[in-house]
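Visitor: sequence and computational prediction follow.
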Amino acid sequence: MAYAVKEIFLTLQGEGMQAGRRAVFLRFAGCNLWSGREQDRSRAACTFCDTDFVGTDGENGGRYEAEALAGTVAALWEDGDLAGDARRLVVVTGGEPMLQLDAALIAALHGRGFEIAMESNGTLAAAEGIDWICVSPKAGTEVVQRAGDELKLVWPQAGIDPEALLGWDFDHFLIQPLDGPDAAASRAAAIAYVMAHPRWRLTLQTHKMLGLP
Ligand SMILES: C[S@@+](CC[C@H](N)C(=O)[O-])C[C@H]1O[C@@H](n2cnc3c(N)ncnc32)[C@H](O)[C@@H]1O
Ligand SMILES: Nc1nc2[nH]cc(C(=O)O)c2c(=O)[nH]1
Ligand code: SF4
Ligand SMILES: [Mg+2]
């Protein structure tokens, strides 16, 4: 199968429990909750997306077969003066990665020594063999992937009761402030939520503060 890839880049994981780790980001093109076109945003199932995932025109974007894609990810990881290169991390995101991530690509990435993390909206079941599953539910959608490593809820989000998510099988329950025109108000709301509900933990989009991609 040929994968449609928006971009691939080396950076630090900015979000969640793995924030701060060096990682290659593999961003697939396309999402099942929004076309990615601004004129469709207000009618989309997910309306607050901060990402351009349309097309294959980004850095290292294009159409790849599994081995070639894993090879490009590995080449980006190996770019630099690496000592003790034992913790290779790829973060597979999008768009919605579960539209494309499959056994062949998982095997190819594992074959190159990568731990595979994924960022998903949870409306499609995660493939077998992913090492770190982050699910970020969107109000009004049916989340089928109710188990994983971290659940990362963008906040505030009308139509979601966070307490109802605590029965799902995740190790970490994280609240991430909604970025956008009211980012300051979102940060305040997220802080207030965690202060009142200590099962939840605040996560920030640290790459945005650091000027990283
Ligand atoms: C661009 S999405 C791609 C992966 C997948 N489609 C998903 O939604 O989880 C990556 C992460 O960014 C989060 N995100 C998207 N837009 C955001 C925003 N405006 N503010 C904060 N987080 C946002 C998503 O909830 C998700 O956790
Ligand atoms: N540095 C960095 N960390 C991230 N964590 C999740 C991201 C995403 O867009 O899925 C992201 C991203 O776009 N950049
Ligand atoms: S589900 Fe994820 S990629 Fe799709 S529009 Fe929402 S935040 Fe963006
Ligand atoms: Mg992002």
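Guide: Received it, and whenever you're ready, just let me know what you need. Ligands and ions are numbered 1, 2, ... in the order given.

Visitor: so who does the residue most central in space within the chain touch?
Guide: With distances taken as Cα atoms, centre = their mean, residue 119 lies nearest the centre of the chain, 2.7 Å away. By Cβ atoms under 8 Å, 6 or more residues apart in numbering, the residues touching residue 119 are 15, 91, 92, 93, 94, 97, 134, 136, 152. C-beta coordinates here come from the backbone N, C-alpha and C atoms, glycine included.

Visitor: ok, residue 136 to ligand 1 distance?
Guide: From residue 136 across to ligand 1, the span is 3 Å (Cβ to the nearest ligand atom, to the nearest Å).

Visitor: residues of the protein that sit close to ligand 3?
Guide: 31, 33, 34, 46, 49, 51, 53, 94, 95, 96, 121, 138 (Cβ under 6 Å from any ligand atom).

Visitor: for ChimeraX, write the selection for the buried entries among these.
Guide: Selecting only the buried entries of the residues of the chain next to ligand 3 in ChimeraX, with 16 or more other Cβ atoms under 10 Å as the criterion:
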select :31,33,34,46,49,53,94,95,96,121,138
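
Visitor: among the residues of the chain next to ligand 3, which ones lie close to ligand 2?
Guide: Applying Cβ under 6 Å from any ligand atom to these, those adjacent to ligand 2 are residue 51.

Visitor: and the furthest pair within the residues of the chain next to ligand 3?
Guide: 53 and 138 (14.6 Å; Cβ to Cβ).

Visitor: burial check on residue 144, number of neighbours?
Guide: Residues within reach of residue 144, counting by other Cβ atoms under 10 Å, total 12.

Visitor: do you know the pLDDT at the closest residue to it other than its chain neighbours?
Guide: Excluding the flanking residues, the one nearest residue 144 by Cβ to Cβ, 6 or more residues apart in numbering is residue 125, at 5.5 Å. For residue 125, the model assigns a pLDDT of 99.

Visitor: ditto for residue 85
Guide: 71.

Visitor: returning to that earlier point: so the residue nearest to the centre of the chain, which of the three states?
Guide: Three-state call for residue 119 (DSSP: H, G, I helix; E, B strand; the rest coil): strand.

Visitor: which strand residues bridge it?
Guide: Residue 119 has these beta-bridge partners by DSSP bridges: residue 134.

Visitor: how far away is it from ligand 1?
Guide: Distance from residue 119 to ligand 1, by Cβ to the nearest ligand atom: 4 Å.

Visitor: going forward, count from 21.
Guide: Fine by me, first position is 21 from now on; the one you just mentioned is residue 139.
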